[in-house]
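Trainee: My questions are about this predicted structure, shown below with the sequence.
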Protein chains: 2
Amino acid sequence: MTKPYVIGIDIGGTNTSLGLVDRQGNILQHAKLRTGDYEKLEDYIAAMEAEIVKFGQHAGSDNINGIGVGAPNGNYYTGEIVDAANLRWKGAIPMADMMSKTLGHKVTLTNDANATAVGEMMYGAAKGMRDFLVVTLGTGVGSGFVANGQVIYGYTGFAGELGHVTVEHNGRLCGCGKRGCMERYCSATGIVITANEWLEQRTESSLLRDAKGPMTAKYIHEAADAGDELAIEIFEYTGMILGQALANAVAITSPQAIILFGGLAKSGELLFRPVRKYMEENLLNVFRGTVAILPSSLPEADAAILGASALAW
Amino acid sequence: MTKPYVIGIDIGGTNTSLGLVDRQGNILQHAKLRTGDYEKLEDYIAAMEAEIVKFGQHAGSDNINGIGVGAPNGNYYTGEIVDAANLRWKGAIPMADMMSKTLGHKVTLTNDANATAVGEMMYGAAKGMRDFLVVTLGTGVGSGFVANGQVIYGYTGFAGELGHVTVEHNGRLCGCGKRGCMERYCSATGIVITANEWLEQRTESSLLRDAKGPMTAKYIHEAADAGDELAIEIFEYTGMILGQALANAVAITSPQAIILFGGLAKSGELLFRPVRKYMEENLLNVFRGTVAILPSSLPEADAAILGASALAW
């Protein structure tokens, strides 16, 4: 019989968040580590252990069903983290095995977007859905696809890299080494690149020209909210690229909903309206009107922990 | 307990093929109808009934486990055929229900490409695979995606329309009403459009200029085999578009193999070489070298029957 609690851990480049979670998705205990403080992986895992011992004291160690981990470039099959750009530990790290050995619980690991998809399915906007996808719009773009009620991990364990579909041949150079990847246009980073390019190429006045310091997605959002036409047009363009890429994904998996998550998704209708419009325009007739574009309904600060924890049920 | 035989039926615009199939994929009895001969759907189903009665006499009617049907625009969930361009019966036809009522067996229906995917998984090149896709390159382009060992039907039941991903914005007008769909470039029809366009735009000599009658994919294939440079370049271009589209599909589902099926796939390395090259060039590093591009290993004349029959197990 499954035990009443799980632990969710979200490994990020800056912070690692840990939570003790019950079956209803309540986070009973929180903890946080600064990921970058640990040069040696063993020290990092030892620091996690200290927090998990405290969780065990709260819940009773025997009542913990397992640990779920969301991590950049996490592989569900091997439990490895492979060449994560934002982590100090390079190569293929057997994170799930190492954690399991030290922490004495079963550890299930996947990438952060797949973990979010599981979280949305258990606790969020995708409750009860068997076919949907989650797109995380942050510094980069991640995605998690669910079909027939199961996450698609694929043959490699790395499926769901919608951020790296090509949207423009010979387009912007991506951190992955390819050109024209969707995440160079539709992430918080991508929208800033668009703004800077357009400000240089064009002459119209815009609030964006008054930005103090480096351009940010948040600043573009604020300018658009204040009615700045260039900023609104930048969102229209960003939503167009995303909507076209989503239409191609719909042709493959025909989801009931696409859940947009992360910093840029907080722009609301500024982004959602053009995404819907250009997705619909590019859909085959049998798919038109069948796909809802939804915001995440996971409480934002806890979404990553909840997503990761859901893996451990 | 499952019974020892199933019936596979492939509904095509010209012919309908029926077969009595055992668990090993042997087709013990064949039958064929000319689909276009039947103005009334009831007459068509009655003609099927006559053939199936004969199968029942051969196998013993009680030994037939069910009927699987592959049909253009077939919907797995509803058993309907919806607005199939090549069939006389328009609108949404409740084909599975009507057949089941008349024929007295359980009828499972899906589109022809999904049926082929099931056939490859049970009897063909994808035996033992849990994550793969089949792309059918005929007059149009169809596809069937399998993830976690299950066909992806999606929320609508119509998932797997890779032929209608957009490969060129404002590109060639497709029969579906959209522009730039992959099937307008990578089908037997698409490669002929490319040849005719290039012959008009360019001046170099080519065997293709000597074609008697309308251009065909077969003629382009023969010219390329004879060393004609323009024909070879047309295959390179066709393979490039297909390879790029497949790379985007790999980013989503990470298949172990992509199985190319149908008329144009018989061009062999003329097509397979550029498909592999451009797919690999457009893959994220974690997917490079992980995806096999394979020809179908189903016996060609029987593939559609086998695929359809596999649904009935």
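Mentor: Yes, it's here.

Trainee: Please enumerate the helices of the stretch 151-300 of chain A.
Mentor: Assignment of helices within the stretch 151-300 of chain A using DSSP state H, counting those that start in this stretch yields the ranges A:183-186, A:188-201, A:217-225, A:229-253, A:269-281.

Trainee: quick check: mean pLDDT across stretch A:231-251?
Mentor: Here stretch A:231-251 scores 98 as its mean pLDDT.

Trainee: Which one of the helices of the stretch 151-300 of chain A lies nearest to B:E51?
Mentor: Nearest of these to B:E51, taken as CB to CB: helix A:229-253 at 35.1 Å. Any C-beta I mention is one placed from the backbone N, CA and C, and that applies to glycine too.

Trainee: which parts of that closest one are buried?
Mentor: A:230-253 (16 or more other CB atoms under 10 Å in any protein chain shown).

Trainee: ok, which of those also contact chain B?
Mentor: Filtering the buried residues of helix A:229-253 for neighbours of chain B using CB under 8 Å from any CB of the partner chain leaves A:Q244, A:A247, A:N248, A:A249, A:A251, A:I252, A:T253.

Trainee: Tell me if I'm right that the third one and B:Q244 touch.
Mentor: No - taking contacts as CB atoms under 8 Å, A:N248 lies outside contact range of B:Q244: 11.5 Å.

Trainee: Closest residue of the stretch 51-200 of chain A to chain B?
Mentor: Proximity of the stretch 51-200 of chain A to chain B (CB to the nearest CB) peaks at A:G154, 2.5 Å away.

Trainee: Give me the phi and psi for that residue.
Mentor: When quoted as degrees, to the nearest 10, the phi and psi of A:G154 stand at phi 70, psi -180.

Trainee: contacting residues for it?
Mentor: Counting by CB atoms under 8 Å, 6 or more residues apart in numbering or on different chains, A:G154 touches A:G160, B:D131, B:A147, B:T253, B:S254, B:P255.

Trainee: What separation do you get for the fifth one and A:N75?
Mentor: Separation of B:S254 from A:N75 (CB to CB, to the nearest Å): 11 Å.

Trainee: higher neighbour count, those two?
Mentor: Set B:S254 next to A:N75 and count neighbours by other CB atoms under 10 Å in any protein chain shown: B:S254 wins out with 25 against 21.

Trainee: Setting aside sequence neighbours, what's the nearest residue to the more buried one?
Mentor: Excluding the flanking residues, the one nearest B:S254 by CB to CB, 6 or more residues apart in numbering or on different chains is A:G154, at 2.5 Å.

Trainee: just to revisit the earlier point, who touches both of B:S254 and A:N75?
Mentor: Residues touching both B:S254 and A:N75 (CB under 8 Å, 6+ apart) are A:T156, A:G157, A:F158.

Trainee: A:S297 is in contact with A:G119, correct?
Mentor: No - the criterion here is CB under 8 Å, and A:G119 misses it with A:S297 at 10.2 Å.

Trainee: returning to that earlier point: between all of the ones next to chain B among the buried residues of helix A:229-253, which two are at the greatest distance?
Mentor: Spatial extent of these (CB to CB) is set by the pair A:Q244 and A:T253 at 16.0 Å.
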